[in-house]
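Student: Have a look at this fold, sequence not included:
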């Protein structure tokens, strides 16, 4: 599979990194010499230091042979033109574009149905709002994903120091919890991701990932002593595009909210546009302002400024002032390993959201969705099992799955099945597979060769 990536920023770099490890033929195009140098010095991919919106440059990069074009520069206009040129030169190439400006929201269908005929439009800001909404629905979680339109939840929770499951082997959970025992797909301990076995024991401080039906989520969270209190009051720090979108969401959900924005002109525009959210001019890291506005009574504080250091500081300050739940926007991937160690668990990233949106479109096989977790250490893939696969009609215990791969859920019509060793996958089932980053190419090969007609 040949993939051309226009844009060597954080999203382009990390997508190229993932794909190069999976032995795909990747070409990265960017006019920024420093960005291209970073790619060429760190990744085993081809690079072109020129404008990705130029038809000549796209031809040089091999657009006619490319299966996929990813246009992920920081400029919506450059991404649109790159897709337009690709559509003129190579109509069969699948095109994905990152488009963030809300002014283009109403034109997404037009861009897909008419030139430049973009197959998938990715707005990471919308995806961030969805991620925040999922966090609000599961207040104690450090990670939340959804499959089958929310019917199945993928949840990561942190075990506190007083957990009653300390040193309990996973094989003991069904005996202790009966039918309420969730299937634990992964454990993150000291930033290391573990695919657990039955004799692995849970430890305080572990982040435990499990997949479960939505209607069983609350009882499971109660088992793990997680807070289920709904959000009744919220504070947003940062009134940029994402902050504005979140304020709109709170208005739609009738959640009383306040928004603090430092820029007076932006404050004025927000106050004129928002109907119910109270807009305040000030610095979200000003302790006296936070106390004056009743931060101690807030159920959640969401920090969404363009400066991640401000977001981190504001979240830590809110926690210090007694706020139970904070959600922090982080842009740079290098900050991710540090967040848990300083007490920040719920993190959203426009760039990681863009990567998650892109992933399942570049996977071979009948892949419906894919979610990268824990700084891309692993991936959860939802795929359809077709009758050509030799993994159907056999008990799972008789199937030699690659190391680091776990079949976590089978969805059959309206039925959600948490599989055991005797469970049999049927043709047409939706299968949710968890795999480490190293195992993803093997999963993809399995999906392409075993789960798909040629």
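Tutor: Looks like it arrived, so ask away. Since this is a predicted model, take the numbers as computed values, not measurements.
Student: buried stuff in stretch 31-49?
Tutor: Neighbour-count burial for stretch 31-49 flags 31, 35-36, 38-39, 43, 45-49 (criterion: 16 or more other Cβ atoms under 10 Å). Where C-beta positions appear, they are placed from N, C-alpha and C, glycine not excepted.
Student: of all those, which two lie farthest apart?
Tutor: Largest separation among those by Cβ to Cβ: 31 and 43, giving 18.1 Å.
Student: remind me which residues of the chain are low pLDDT?
Tutor: Applying pLDDT under 70 to the chain flags residues 360, 363-366, 374-376, 390, 445-454.
Student: Walk me through the domains of it.
Tutor: 2-122, 128-223, 241-350, 354-450 (automatic domain parsing).
Student: Figure out the length between the terminal residues of the longest one.
Tutor: To tie it back to what came earlier, the one meant is domain 2-122. Taking Cα to Cα, to the nearest Å, domain 2-122 runs 20 Å from one end to the other.
Student: Next: the shortest one.
Tutor: When the termini of domain 128-223 are compared using Cα to Cα, they are 29 Å apart.
Student: again with the third one
Tutor: Using Cα to Cα, the end-to-end distance of domain 241-350 comes to 12 Å.
Student: Double-check residue 228 against residue 217; I have them as touching.
Tutor: No: counting by Cβ atoms under 8 Å, residue 228 does not reach residue 217; the two are 9.5 Å apart.
Student: Which of those two has more residues huddled nearby?
Tutor: Remark: of residue 228 and residue 217, residue 217 carries more neighbours, 21 against 12, as counted by other Cβ atoms under 10 Å.
Student: What residues does the residue nearest to the more buried one when sequence neighbours are not counted make contact with?
Tutor: Counting by Cβ to Cβ, 6 or more residues apart in numbering, residue 217 lies nearest to residue 153, which is 5.3 Å off, once chain neighbours are set aside. Applying Cβ atoms under 8 Å, 6 or more residues apart in numbering, we find residue 153 in contact with 138, 144-147, 211-214, 217.
Student: do that again at 7 Å, thanks
Tutor: By Cβ atoms under 7 Å, 6 or more residues apart in numbering, residue 153 lies in contact with 144, 146, 212, 214, 217.
Student: where do the helices sit along the stretch 51-200 of the chain?
Tutor: Ranges of helices in the stretch 51-200 of the chain, per DSSP state H, counting those that start in this stretch, are 55-61, 76-89, 108-113, 124-137, 173-177.
Student: could those helices be laid out in a markdown table, adding distance to residue 407?
Tutor: Output for these, formatted as a markdown table (distance: least, Cβ to Cβ, whole Å):
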| stretch | distance to residue 407 |
| --- | --- |
| helix 55-61 | 38 |
| helix 76-89 | 36 |
| helix 108-113 | 33 |
| helix 124-137 | 23 |
| helix 173-177 | 17 |
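Student: Quick check: which of the ones you listed is nearest to residue 298?
Tutor: For the helices of the stretch 51-200 of the chain, the distance to residue 298 is smallest for helix 124-137, at 12.5 Å, taking Cβ to Cβ.
Student: For the closest one, which helices and strands make contact with it?
Tutor: Applying 3 or more Cβ pairs under 7 Å, 6 or more residues apart in numbering; DSSP states H and E, we find helix 124-137 packed against strand 141-147, helix 241-252, strand 346-348, helix 350-359.
Student: Report the buried residues of that helix.
Tutor: Neighbour-count burial for helix 124-137 flags 124-129, 131-132, 134-137 (criterion: 16+ other Cβ under 10 Å).
Student: Please render the domains of the chain as CSV that adds distance to residue 235 to the earlier fields.
Tutor: Output for these, formatted as CSV (distance: least, Cβ to Cβ, whole Å):
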stretch, distance to residue 235
domain 2-122, 22
domain 128-223, 13
domain 241-350, 5
domain 354-450, 26
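Student: right, and out of the contacts of residue 153, which lies closest to residue 78?
Tutor: residue 146 (31.6 Å).
Student: any idea how far the closest one is from residue 348?
Tutor: 15 Å (Cβ to Cβ, to the nearest Å).
Student: Looking at the two, which has the bigger crowd around it?
Tutor: Taking other Cβ under 10 Å, residue 146 and residue 348 do not tie; residue 348 has more neighbours (24 against 17).
Student: is it true that that one touches residue 130?
Tutor: No: using Cβ atoms under 7 Å, residue 348 is not in contact with residue 130, being 9.6 Å away.
Student: Which strand residues bridge residue 300?
Tutor: Per DSSP bridges, the residues bridged to residue 300 are residue 234, residue 325.
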